[in-house]
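[1] structure of the sequence below:
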Amino acid sequence: LSAILFLFIFYSVVTHGWLTAINVPLFHLMQSLRTQFFDRFFIIITLFEISFAMFTVGILAAIGLALIRQWRAAIHLAIVDVLALLAVGFFKLISHNPRPTGFQYVATNSSFPSGHVMMSFVVLSTLAYFSGKLVKPNFKWIPYTIASVLILLGAISRLYLGAHWLTDILGSLTLGFAVLFTVIINYRRRSTGQFKKINKTYWLLVVILSLAIPTTIWIYKDYRFNVYRYQPVYPVAKMTMQQWWHNPTKYLPLYRLNRFGEPIQPFNLQWAGNLSSIESGLKKRGWTVIDPKYSVKGTLRRFVSKTEFNLPLFPWLYHHQPPKLIVMKLSANKKRLIEIRLWSASAKFTDKNTPLWLGTINYHMLSPAKVGFSRFKNVTLQESGGIQQLIAGLNQLKIYQYQLIHIPVDSQPKKVRVLGWDGHVIIIRE
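    Residues are numbered from 1 along each chain as shown. Prediction:
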């Protein structure tokens with residue numbers, strides 16, 4: 001059954017079938033969840049379960065069995081180790097599936113199947129199987145649970161770091177099941193119970209040393225490179241101030257993506273200027289500055305704040321980063337908020353040091369609910385989405401130039417159309 005499932009996944013990958021449709025949305029979701037702590041944690045996990053480290057673990061454990069003349073177990077452990085490595089290499093060779101991109105370094109070999117997941121699944125499951133034969137039935141769950149947790153963490157690490165697609169992981173697990181069951185079934189056909197006579201302390205020492213030696217070497221050797229390797233990279237647009245002013249949508253994206261990589265909101269604000277000056281000017285015109293840092297303390301404050309309760313539980317992102325500045329202001333009828341969010345634009349002026357910010361301005365209909373997961377359903381861009389109120393404040397400050405440009409609304413993405421956007425984008429500079 002596992003072999004049939006693998007062939008189905010393999011066919012879907014090489015033909016770009018419906019199963020691959022979830023790959024990109026899940027990739028974007030995992031990237032949106034990245035933090036410095038989890039980056040380091042999952043880099044250690046992925047290095048712990050790197051293909052050749054796991055292969056070495058299997059060989060060392062087989063040698064440990066051979067030293068006490070457990071030939072049958074040693075041979076089968078070596079066979080399952082070699083078969084897994086050969087199977088991964090073979091299917092990578094005949095199915096070149098590009099890996100996710102957008103990182104400092106992207107491997108050029110096929111993404112399908114995942115060697116990390118395949119090797120860790122086969123080797124750790126085999127070690128768990130032999131370990132389970134040495135303990136009482138009531139305690140068999142311990143080695144299997146440890147192996148399962150390590151395998152699961154390894155699979156998550158490959159998705160989290162953007163090294164593989166979901167179909168790569170599923171393919172590796174099903175192929176691993178096929179290889180593992182074939183070898184284990186063959187081993188059990190002539191099992192004599194000889195393995196149960198092994199000294200438990202000796203086997204525990206073999207497993208610990210087999211796991212510790214190669215994985216420690218790989219983590220020590222490759223950790224720094226992998227921290228660099230999996231850092232996201234975004235292209236930086238370069239232009240003069242005048243080039244941007246006369247054609248702003250040429251250099252910066254028009255839509256913000258949600259956590260699944262879908263266009264969900266227009267960037268209807270571009271602002272060139274020092275962020276502290278922008279913040280100071282908006283505060284003078286009655287805007288409330290909201291702390292963009294998401295923390296437990298900040299979340300609790302939303303239960304009692306008159307303004308902050310409209311912040312979503314999960315921040316809106318651009319390039320998987322939260323806004324650098326969030327300001328809000330009650331409309332005249334006090335039934336809706338005007339919200340401005342600014343992100344650092346991936347752009348640089350070649351003739352000035354002025355930073356450029358990419359942003360959104362929108363109305364947010366007030367709701368009695370204090371905290372929501374997205375709160376996006378209450379967002380609207382009707383009646384210019386608050387642009388006219390911003391312009392009124394800019395006119396009073398008298399230090400900014402601005403212009404309104406219009407984007408045709410015919411080709412708006414589906415999720416943007418429901419916002420009622422009229423196609424206006426405000427461009428501001430000092």
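
[2] show me where the stretch 1-150 of the chain has helices.
    Taking DSSP state H, counting those that start in this stretch to define them, one finds helices in the stretch 1-150 of the chain at 2-14, 23-32, 36-48, 51-67, 71-94, 115-132, 141-160.

[3] any buried residues in stretch 12-32, and which?
    Using 16 or more other Cβ atoms under 10 Å as the test for burial, stretch 12-32 gives 12-13, 19-20, 23, 26-28, 30-32. Bear in mind the C-beta positions are built from the backbone N, C-alpha and C, glycine included.

[4] chain center to that stretch: distance?
    13 Å (Cα atoms, centre = their mean, to the nearest Å).

[5] who's in contact with the closest residue to L397 other than its chain neighbours?
    Excluding the flanking residues, the one nearest L397 by Cβ to Cβ, 6 or more residues apart in numbering is G281, at 5.1 Å. By Cβ atoms under 8 Å, 6 or more residues apart in numbering, G281 lies in contact with 393, 397, 399-400.

[6] the closest residue in space to K352 that isn't next to it in sequence: what's it in contact with?
    Using Cβ to Cβ, 6+ apart and skipping residues adjacent in sequence, the residue nearest K352 is M241, 5.3 Å away. By Cβ under 8 Å, 6+ apart, the contact list for M241 reads 272, 349, 351-352, 354, 429.

[7] what's the pLDDT at M241?
    At M241, the model reports a pLDDT of 95.

[8] cool, and T108?
    Value for T108, per-residue pLDDT: 89.

[9] distance of it relative to R256?
    31 Å (Cβ to Cβ, to the nearest Å).

[10] check R336 too.
    20 Å.

[11] which of the buried residues of stretch 12-32 sits closest to T101?
    Proximity of the buried residues of stretch 12-32 to T101 (Cβ to Cβ) peaks at F27, which lies at 10.0 Å.

[12] look up how far A272 lies from the residue nearest to L397.
    Distance from G281 to A272, by Cβ to Cβ: 13 Å.

[13] burial of L209, as a residue count?
    Per other Cβ atoms under 10 Å, the neighbour tally for L209 reads 14.

[14] just want the angle from the helix or strand it falls within to helix 141-160.
    Using DSSP states H and E, L209 sits within helix 200-229. Inter-element angle recorded for helix 200-229 and helix 141-160: 10 degrees (by axes from the mean of the first three to the mean of the last three Cα atoms, to 10 degrees).

[15] centre of the chain to helix 200-229, how far?
    Its chain's C-alpha centre and that of helix 200-229 lie 25 Å apart, by Cα atoms, centre = their mean.

[16] can you pull the contacts of the residue nearest to T182 when sequence neighbours are not counted?
    Leaving out its chain neighbours, the residue that sits closest to T182 by Cβ to Cβ, 6+ apart is L83, at 7.9 Å. Going by Cβ under 8 Å, 6+ apart, L83 touches 122, 179, 182-183.

[17] and L83, how far from I208?
    Distance, L83 to I208, by Cβ to Cβ: 25 Å.

[18] now do F52
    From F52 to I208 the distance is 19 Å (Cβ to Cβ).

[19] after the helix holding L209, next one along is what?
    Counting by DSSP H and E, what follows helix 200-229 is strand 237-239.

[20] pull out the buried residues from that next one.
    Buried, per 16+ other Cβ under 10 Å, within strand 237-239: 237, 239.

[21] which strands border that strand, and is each parallel or antiparallel?
    The pairing partners recorded for strand 237-239 under DSSP bridges are strand 347-349 (parallel).

[22] hmm, back to that, using PDB, write out every CA atom in the helix or strand the residue nearest to L397 falls within.
    Using DSSP H and E, G281 falls within helix 275-284. Provided in PDB are the C-alpha atoms of helix 275-284 (Å, rounded to 0.1, in the frame of the first residue of the first chain):
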ATOM      1  CA  LEU A 275      10.000  57.100   9.800                       C
ATOM      2  CA  SER A 276      10.400  59.100  13.000                       C
ATOM      3  CA  SER A 277       9.400  62.300  11.100                       C
ATOM      4  CA  ILE A 278       6.400  60.500   9.600                       C
ATOM      5  CA  GLU A 279       5.300  59.300  13.000                       C
ATOM      6  CA  SER A 280       5.800  62.700  14.600                       C
ATOM      7  CA  GLY A 281       3.800  64.400  11.900                       C
ATOM      8  CA  LEU A 282       0.900  62.000  12.100                       C
ATOM      9  CA  LYS A 283       0.800  62.300  15.900                       C
ATOM     10  CA  LYS A 284       0.400  66.100  15.500                       C
END
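
[23] list the buried residues of it.
    278-279, 281-282.

[24] buried sites along whichever helix or strand comes after that helix?
    Following helix 275-284 in sequence order, the next helix or strand is strand 288-290 (DSSP H and E). Across strand 288-290, burial judged by 16+ other Cβ under 10 Å covers 288, 290.

[25] packing partners of strand 288-290?
    helix 275-284, strand 325-330 (3 or more Cβ pairs under 8 Å, 6 or more residues apart in numbering; DSSP states H and E).

[26] run through who's touching it.
    So strand 288-290 is in contact with 279, 282-283, 307-308, 311, 325-329, going by Cβ under 8 Å, 6+ apart.

[27] buried ones among those?
    279, 282, 307-308, 311, 325-329.

[28] any idea which element S411 lies in?
    Short version, using DSSP H and E: S411 is in no helix or strand.

[29] what's the neighbour count on it?
    Residues near S411, counting by other Cβ under 10 Å: 7.

[30] next one: the one 4 residues further on
    Applying other Cβ under 10 Å, we find 15 other residues in the vicinity of K415.

[31] got a list of what the residue nearest to it when sequence neighbours are not counted touches?
    Setting aside the residues directly before and after it, K415 is nearest to I264 in space (Cβ to Cβ, 6+ apart), at 4.8 Å. Shown in contact with I264 (Cβ under 8 Å, 6+ apart): 255-258, 376, 413, 415-416.

[32] and what of V123?
    With Cβ under 8 Å, 6+ apart, V123 has these contacts: 54-55, 57-58, 80-81, 84.

[33] follow-up on the earlier one: adding pLDDT, write the contacts of I264 out as JSON lines.
    Below are those laid out as JSON lines (pLDDT from 0 to 100):
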{"residue": "Y255", "pLDDT": "95"}
{"residue": "R256", "pLDDT": "95"}
{"residue": "L257", "pLDDT": "94"}
{"residue": "N258", "pLDDT": "93"}
{"residue": "F376", "pLDDT": "66"}
{"residue": "P413", "pLDDT": "90"}
{"residue": "K415", "pLDDT": "90"}
{"residue": "V416", "pLDDT": "91"}
